[in-house]
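# Sequence and predicted structure are below.
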Amino acid sequence: MTIELTEAAARRVQTQLERRGKGLGLRVAVKKSGCSGYAYVLDYADVLGENDAVFDAHGAKVVVAKEHLPMLDGLTVDFQRDGLNEAFKFRNPNVKGECGCGESFAV
């Protein structure tokens, strides 16, 4: 199982954790949502649970609950800026389809 952060995403995670003054890394999860079935959920990981898997990339950590790994295995998280907009972007090899607005996905 593997989860990757690009260098841009790792820098963003490190910057945000420094601003917060605490945190271990970026927590990535999925929840049932939208017209296609699932949506990504991002949060800060301040503690590790016994069912958490930790992945290191470019000096930053990604924390994922083991129950979410089958849907997220092979995921690459990028951080992109386009004009005034900035966001994390996801490349997930498990995705079979996405809704038109890009808010949810099917596996």
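Noted; the coordinates are in hand.
# which stretches of the protein aren't confidently modelled?
Applying pLDDT under 70 to the chain picks out residues 34-36, 98-104.
# one more time with 90, if that's ok
Applying pLDDT under 90 to the chain picks out residues 1, 32-39, 82-83, 94-107.
# which residues of this structure fall in strands?
3-5, 25-33, 37-45, 52-57, 60-65, 75-82, 85-91, 97-98, 105-106 (DSSP state E).
# Just put those strands in TSV and tack on mean neighbour count and distance to V13.
All C-beta spots, glycine's among them, are computed from the backbone N, C-alpha and C. Output for the strands of the chain, formatted as TSV (neighbours: other Cβ atoms under 10 Å; distance: least, Cβ to Cβ, whole Å):
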stretch	mean neighbour count	distance to V13
strand 3-5	23	7
strand 25-33	18	5
strand 37-45	16	9
strand 52-57	16	9
strand 60-65	22	4
strand 75-82	16	8
strand 85-91	13	9
strand 97-98	14	24
strand 105-106	18	22
